[in-house]
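K.L.:
here is my input; please provide its structure:
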Amino acid sequence: MDFNLPELTELERIIQEGQPYLESRSVCEIELKGHHFPVYVLSVGSKDPAAPAVGFFGGVHGLERIGTRVLLAFLRSLLARLKWDAALHHQLASVRLIFMPLVNPAGMWDSTRCNPRGVDLMRNAPINASEKVLFLLGGQRISSRLPWYRGVCDAPMEAEAQALCSVVQQELLSREFSIALDCHSGFGLKDRIWFPYAHSRTPIRHLPQVLALKDLFNQTYREHNYLFEAQNCQYLTHGDLWDYLYQQVPASSDRVFLPLTLEMGSWRWVKENPRQLFSRQGMFNPKSPVRLHRVLRSHLVWLDFLTRAAGAHQYWMPGSAGQQERQEQEQHEMHHE
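P.N.:
Below you'll find the predicted structure:
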């Protein structure tokens with residue numbers, strides 16, 4: 001049986017070629033049919049524990065290969081630039097980047113949304129929706145044979161989910177400022193940037209910071225096509241990993257953690273090529289090589305923007321000294337005009 005997984009092969013190639021710039025380690029191994037699939041985490045940039053950080057995550061759902069491919073494209077771009085771009089080295093001296101491009105490798109090899117135990121990792125956290133959720137879609141414990149299975153009640157989280165949570169807790173939640181971006185596909189005709197909550201319609205505590213980040217992106221890239229919205233604008237779910245992790249930041253803490261989801265609108269790809277409906281992969285991934293390359297290119301700007309925004313968060317975050325100074329300067333210039 002062929003256990004080759006092209007995305008995993010490409011990731012391991014990047015790890016090998018990325019020395020000495022990239023640090024890497026396997027945080028767990030998942031067994032499927034006698035084969036072991038490693039789950040890797042990569043890091044680059046500042047080693048200062050006080051430095052802001054951005055975490056990039058993909059492949060949580062095995063069918064959504066495009067999320068992993070977007071992150072691999074970004075990693076390849078970073079690696080190429082690290083060999084000549086002095087400005088990038090200067091930028092990374094003050095920000096840390098964390099990558100888990102392939103959280104569910106066994107699920108991706110097996111062409112399933114879930115992991116080998118039949119659990120949907122994005123319904124697996126110990127957190128319940130505050131209101132009624134859609135049947136099945138919101139998470140269910142009826143059977144692993146049905147989609148969106150949460151796992152056994154009160155059981156430990158799945159190994160892949162635990163690995164993701166451990167990386168976030170160690171690398172992101174420990175810092176004064178951090179952003180997480182989880183790359184998915186399979187919803188709607190537009191590319192969306194979702195933010196919590198998924199389990200509640202209550203606005204998150206850091207909504208002003210999310211909106212400030214949105215405004216910053218709008219001002220910097222006016223021609224973008226992203227729709228920013230809370231996930232609860234579309235539906236509620238049980239067990240969302242990012243809601244669970246976000247709630248681990250104490251309300252009394254000054255730390256800012258902004259978990260975001262890039263939800264690529266795969267319905268658009270199906271609309272352009274209805275034959276993709278006859279393929280499970282085609283419902284979540286662009287099939288045409290031309291369209292695939294276009295998708296990979298289109299999101300690199302957003303990923304690079306997050307890196308820069310994290311490194312300069314003191315200049316745009318609401319209430320920060322840098323933002324107040326910038327506003328006073330703008331008011332001063334307007335007064336003299």
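K.L.:
isn't Lys190 up against Gly265?
P.N.:
Yes. Contact between Lys190 and Gly265 holds when scored by Cβ atoms under 8 Å: they sit 4.8 Å apart. All C-beta atoms are positioned from the backbone trio N, CA, C, and that covers glycine.
K.L.:
which one's more surrounded, these two?
P.N.:
Gly265 (19 against 13; other Cβ atoms under 10 Å).
K.L.:
residues contacting the more buried one?
P.N.:
By Cβ atoms under 8 Å, 6 or more residues apart in numbering, the contact list for Gly265 reads Ser185, Phe187, Gly188, Leu189, Lys190, Asp191, Arg192.
K.L.:
repeat that for Ile204.
P.N.:
Phe195, Pro196, Tyr197, Val210, Ala230, Tyr246.
K.L.:
rerun at 7 Å
P.N.:
Going by Cβ atoms under 7 Å, 6 or more residues apart in numbering, Ile204 touches Phe195, Pro196, Tyr197, Tyr246.
K.L.:
and which of these is nearest Pro286?
P.N.:
Phe195 (24.8 Å; Cβ to Cβ).
K.L.:
find the nearest non-adjacent residue to that closest one, please.
P.N.:
Excluding the flanking residues, the one nearest Phe195 by Cβ to Cβ, 6 or more residues apart in numbering is Val210, at 5.0 Å.
K.L.:
doesn't that neighbour lie inside a strand?
P.N.:
No. Counting by DSSP: H, G, I helix; E, B strand; the rest coil, Val210 is not found in a strand; it is helix.
K.L.:
tell me the confidence at it?
P.N.:
Here the pLDDT value assigned to Val210 is 98.
K.L.:
cool, and the one 5 residues further on?
P.N.:
Turning to Asp215, the model gives it a pLDDT of 97.
K.L.:
and it, that one's in a helix?
P.N.:
Yes. Using three-state DSSP, the secondary structure at Asp215 is a helix.
K.L.:
list the contacts of it.
P.N.:
By Cβ under 7 Å, 6+ apart, Asp215 has no neighbours at all.
K.L.:
so it versus Gln231, what's the distance?
P.N.:
Between Asp215 and Gln231 the computed distance is 20 Å (Cβ to Cβ, to the nearest Å).
K.L.:
what of Glu158?
P.N.:
For Glu158, the distance to Gln231 equals 21 Å [Cβ to Cβ].
K.L.:
ok, now Met283?
P.N.:
20 Å.
K.L.:
looking at those two, which one has more neighbours?
P.N.:
Applying other Cβ under 10 Å to Met283 and Gln231 shows that Gln231 carries more neighbours, namely 21 against 17.
K.L.:
pretty sure that one sits against Ser200.
P.N.:
No. Checked against Cβ atoms under 7 Å, the pair Gln231 and Ser200 is beyond contact range at 10.3 Å.
K.L.:
all helices of the stretch 101-250 of the chain, in order?
P.N.:
105-109, 159-171, 207-220, 241-246 (DSSP state H, counting those that start in this stretch).
K.L.:
between those helices, which gets nearest to Val290?
P.N.:
Smallest distance to Val290 across the helices of the stretch 101-250 of the chain (Cβ to Cβ): 23.0 Å, for helix 105-109.
K.L.:
just give me how far the closest one sits from the chain centre.
P.N.:
18 Å (Cα atoms, centre = their mean, to the nearest Å).
K.L.:
who touches that helix?
P.N.:
3, 5, 7-8, 30, 32, 37, 39, 59, 62, 65, 102, 113-116.
K.L.:
try it again with 6 Å
P.N.:
Helix 105-109 has contacts (Cβ atoms under 6 Å, 6 or more residues apart in numbering) with Leu5, Leu8, Ile30, Leu32, Phe37, Gly59, Gly62, Cys114, Asn115, Pro116.
K.L.:
which residue ranges form the strands in this structure?
P.N.:
Applying DSSP state E to the chain gives strands spanning 23-32, 35-45, 53-58, 96-100, 177-185, 192-195, 227-230, 256-264.
K.L.:
of all those strands, which one is nearest Leu82?
P.N.:
Nearest of the strands of the chain to Leu82, taken as Cβ to Cβ: strand 35-45 at 7.7 Å.
K.L.:
and the closest one, what does it pack onto?
P.N.:
Using 3 or more Cβ pairs under 6 Å, 6 or more residues apart in numbering; DSSP states H and E, the elements in contact with strand 35-45 are strand 23-32, strand 96-100.
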